[in-house]
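Enquirer: Prediction below, plus the sequence it came from.
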Amino acid sequence: MKFFKSLLFACLLPAMLMAQTTPDIKEFDKYVQQAVTDWHVPGLAIAVVKDGRVIFAKGYGQRELGKPGNVDTQTIFGIASTTKALTAACAAMLVDEGKLHWSDKVTDYLPDFQLYDPYVTRELTVSDLFLHDSGIGNTDYLWGTMNISSDEILHRMRLVKPQYGFRAGFVYQNIFYMAAGKVIEKASGMPWETFVQKRIFTPLKMTRTVPVFSKSKGMPNQTAAHVKVDSTIIVVEKDMTDAIAPAGGVWSCVDDMAKWVNCMLDSSKYGNQRLLKPESWARLLKPQTFVSQEEFYPTARITQPHWITYGMGWFQQDYKGQKVDFHTGSLGGLVAINGMIVDKKIGVYVLANLDHAEVRHALMFKAFDYFALGGDRDWSKEFQTLYNGLRAKGEKAEKDYEAKRVMDTHPTLDIKSYAGTYTDPLYGSVVITATGDKLSLDINKFLSAEATCWNYDTFRGPYARKEYGKVTATFSVDEFGKVSTVNVDGLTFAKQ
């Protein structure tokens, strides 16, 4: 009898221990719901993967404010820059097949590729495209202020002067991921969007995932994009990202993205197959570039990592003695975060429909604590305090800037003298017309704004798209009393 009692106890012990250690899903659900409410996020979806299975997945809130339709785990969002890890994996597949090598020069595949510095043009490798270490600063104006093709974007990169030394630091650079998509096309013989669909989405059965925005049109159950403007959350147009799709163009839902997270947590295995050789998977997650505090997330002020790095499509930091691989995604009115701790077999994926809703970081760290590492810190409250402080600091800086203006000034010249066409081979064109005391700006036939004299030859006023805030246009008058240039929000154009 004692033997059978001991045997019964031995059989029940694992279940008893599991019952004691399994986190209360309802408590985590309540936490997420409260966080969504506290951050005023219209809609959010989250999935948590642990030990090879999805242990939590749920949608919260509305797809679009003021309209029926709730977010669920099938709701389509833009995954933005979390696309980068997918593009890096595509390149790694071609490396596995011998069709591509990390040390290959970019010009081996794109012979017309040219940067400002001939040395960097010659030496830039396929690997460099994924590491943000080229020496070239942020060039998002090439898709954020104009609507030009990916080929034209690459062509204009030769005009961008380096910001720092080649491989001497880290500055986030979307355009090189777009270039990586071109390399993938040349090496594979198929466009990047076809390759990622065929080699990742289809094998992983990601049936509600598309590689470009244009292919998401008509799909049911999509979210809207929201931005807070003057304390009011409004619905805004979605960003067009097709030109830079390998950097941030995928649209998906958390059910599908959980399949990707699960695959990457298990060294790229799915079923009895794998996307990558183990060594290629490991290379994607290997720290490659040190990231400065200025280029990292403000959350580090609270999480206090000992080191911060970038792999290939993944930011990295230590947390509670564990290596965290993660990446955010941000488009106008939409956000994402993909995070995982490989050694603990836990991954988190969050999608939300409010511009820069940093609750995403809070939910990632809370999930790590709740389901793997332990701890009861209220990350939502702490990060909200942090970001509220940063927002207040920004608002103060804006007020201080406004306070420096000299009241009741007038332009140097008659307002009609500022009208005309201004161009730059890198930044495009600005067509300015004068009506009464206002200037109307048409920037690359993509953005428009109206401005009035704010301080001498500086004009300010609202963009037509409210979420862009105010335009600032400062004119320069030459020694002959003629307007020579206009600087529009940091971009300088010469008058024709």
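Expert: Cool, the structure landed.
Enquirer: all contacts plus neighbour counts: C-alpha atoms, from now on.
Expert: Noted.
Enquirer: partner residues bridging the residue nearest the centre of the chain?
Expert: The structure's the chain has its C-alpha centroid closest to residue 329; by Cα atoms, centre = their mean the separation is 2.7 Å. With DSSP bridges as the criterion, residue 329 is bridged to residue 336.
Enquirer: what sits against the residue lying closest to residue 286 once chain neighbours are set aside?
Expert: Closest residue to residue 286 apart from its sequence neighbours, by Cα to Cα, 6 or more residues apart in numbering: residue 311 at 5.4 Å. By Cα atoms under 8 Å, 6 or more residues apart in numbering, the contact set of residue 311 is 131, 283-289.
Enquirer: distance of the nearest residue in space to residue 353 that is not next to it in sequence from residue 43?
Expert: Distances taken as Cα to Cα, 6+ apart place residue 334 nearest to residue 353, at 4.5 Å, with adjacent residues excluded. Residue 334 sits 10 Å away from residue 43, going by Cα to Cα, to the nearest Å.
Enquirer: Next secondary structure element downstream of the lowest-mean-pLDDT helix or strand in the chain?
Expert: Of all the helices and strands that make up the chain, helix 2-21 has the lowest average by mean pLDDT, DSSP states H and E, namely a mean of 42. Downstream of helix 2-21, the first helix or strand assigned by DSSP states H and E is helix 25-38.
Enquirer: who's in contact with the residue nearest to the centre of the chain?
Expert: Residue 329 makes contact with 79-82, 248, 335-337 under the criterion Cα under 8 Å, 6+ apart.
Enquirer: can you name the two of the residues you listed that are farthest apart?
Expert: Distance extremes for the contacts of residue 329: the farthest pair is 248 and 337 at 12.4 Å, using Cα to Cα.
Enquirer: okay, the two: which has more neighbours?
Expert: A direct count of neighbours by other Cα atoms under 10 Å for residue 248 and residue 337 places residue 248 higher, at 29 against 25.
Enquirer: what pLDDT does the more buried one get?
Expert: At residue 248, the pLDDT value in this model is 98.
Enquirer: Isn't it up against residue 86?
Expert: No. Using Cα atoms under 8 Å, residue 248 and residue 86 do not qualify as a contacting pair, with a distance of 9.8 Å.
Enquirer: still on that earlier bit, so what's in contact with residue 248 and residue 337 at the same time?
Expert: Counting by Cα under 8 Å, 6+ apart, the shared contacts of residue 248 and residue 337 are 82, 329.
Enquirer: quick one: contacts of the helix ranked longest in the chain?
Expert: Identified as the longest helix of the chain according to DSSP state H is helix 379-403. Residues outside helix 379-403 that contact it (Cα under 8 Å, 6+ apart) are 35, 39, 298-299, 302, 358-359, 361-363, 365-366.
Enquirer: Mind doing that once more with 7 Å?
Expert: Here helix 379-403 makes contact (Cα atoms under 7 Å, 6 or more residues apart in numbering) with 35, 299, 359, 362, 365-366.
Enquirer: For these, give me TSV that also has secondary structure.
Expert: Output for the contacts of helix 379-403, formatted as TSV (DSSP: H, G, I helix; E, B strand; the rest coil):
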residue	secondary structure
35	helix
299	coil
359	helix
362	helix
365	helix
366	helix
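Enquirer: out of these, which one sits closest to residue 491?
Expert: Nearest member of those to residue 491, counting by Cα to Cα, is residue 299, at 30.1 Å.
Enquirer: Not including adjacent chain positions, what is the nearest residue to the closest one?
Expert: Computed as Cα to Cα, 6+ apart, the closest residue to residue 299 that is not its neighbour in sequence is residue 383, at 6.9 Å.
Enquirer: quick one: pLDDT of that neighbour?
Expert: We have a pLDDT of 98 for residue 383.
Enquirer: any idea how far it is from residue 394?
Expert: 16 Å.
Enquirer: Settle it for me: which of these two has more neighbours?
Expert: The neighbour count for residue 383 versus residue 394, taken as other Cα under 10 Å, is higher for residue 383 (21 against 12).
Enquirer: Adding pLDDT, write the contacts of helix 379-403 out as CSV.
Expert: Output for those, formatted as CSV (pLDDT from 0 to 100):
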residue, pLDDT
35, 98
299, 98
359, 98
362, 98
365, 98
366, 98
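Enquirer: Which of those residues has the largest number of neighbours?
Expert: Using other Cα under 10 Å as the neighbour criterion, residue 359 leads these with 26 neighbours.
Enquirer: contacting residues around that residue?
Expert: Under the criterion of Cα under 7 Å, 6+ apart, the neighbours of residue 359 are 35, 39, 380.
Enquirer: Can you redo these as CSV, where the extra columns are distance to residue 435?
Expert: What follows is the contacts of residue 359, written out as CSV (distance: Cα to Cα, whole Å):
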residue, distance to residue 435
35, 48
39, 42
380, 49
